[in-house]
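A.B. asks: got a predicted model here, sequence first, then my questions.
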Amino acid sequence: VEAITPQTLINIRPVVAAIKEFFGTSQLSQFMDQNNPLSGLTRKRRLSALGPGGLSRER
């Protein structure tokens, strides 16, 4: 009897591709500034609810 693991149930390649696409092309992701280390910390902690399927600035 073979043990069932997450690796046997889910093909990881589509998941990795979706994550790379999101962080590479999504309006919700931001590039980190290369010259300011504090900016890098700020951007790593910033989340946004704006973007595709998110909130709008209009109230």
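C.D. replies: Alright, I've got the coordinates.

A.B. asks: so which helix or strand of this structure has the lowest pLDDT on average?
C.D. replies: helix 37-45 (a mean of 63; mean pLDDT, DSSP states H and E).

A.B. asks: which parts of the helix or strand hosting residue 21 are buried?
C.D. replies: If you go by DSSP states H and E, residue 21 is part of helix 12-25. Judged by neighbour count (16 or more other Cβ atoms under 10 Å), helix 12-25 contains no buried residues. Heads up, the C-betas are built off the backbone N, CA and C, glycines and all.

A.B. asks: average pLDDT for that helix?
C.D. replies: Averaged over helix 12-25, pLDDT sits at 86.

A.B. asks: for that helix, packing partners?
C.D. replies: Applying 3 or more Cβ pairs under 8 Å, 6 or more residues apart in numbering; DSSP states H and E, we find helix 12-25 packed against no helix or strand.

A.B. asks: how about the CA coordinates for that helix, as PDB?
C.D. replies: Taking C-alpha atoms only, helix 12-25 is exported to PDB below (Å, rounded to 0.1, in the frame of the first residue of the first chain):
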ATOM      1  CA  ILE A  12       3.300  21.500  -8.400                       C
ATOM      2  CA  ARG A  13       4.300  23.000 -11.800                       C
ATOM      3  CA  PRO A  14       1.000  24.800 -12.500                       C
ATOM      4  CA  VAL A  15       1.100  26.200  -8.900                       C
ATOM      5  CA  VAL A  16       4.600  27.500  -9.300                       C
ATOM      6  CA  ALA A  17       3.800  29.000 -12.700                       C
ATOM      7  CA  ALA A  18       0.700  30.800 -11.200                       C
ATOM      8  CA  ILE A  19       2.800  32.200  -8.400                       C
ATOM      9  CA  LYS A  20       5.600  33.400 -10.700                       C
ATOM     10  CA  GLU A  21       3.000  35.000 -13.000                       C
ATOM     11  CA  PHE A  22       1.300  36.800 -10.100                       C
ATOM     12  CA  PHE A  23       4.500  38.200  -8.700                       C
ATOM     13  CA  GLY A  24       5.900  39.000 -12.100                       C
ATOM     14  CA  THR A  25       2.900  40.700 -13.800                       C
END
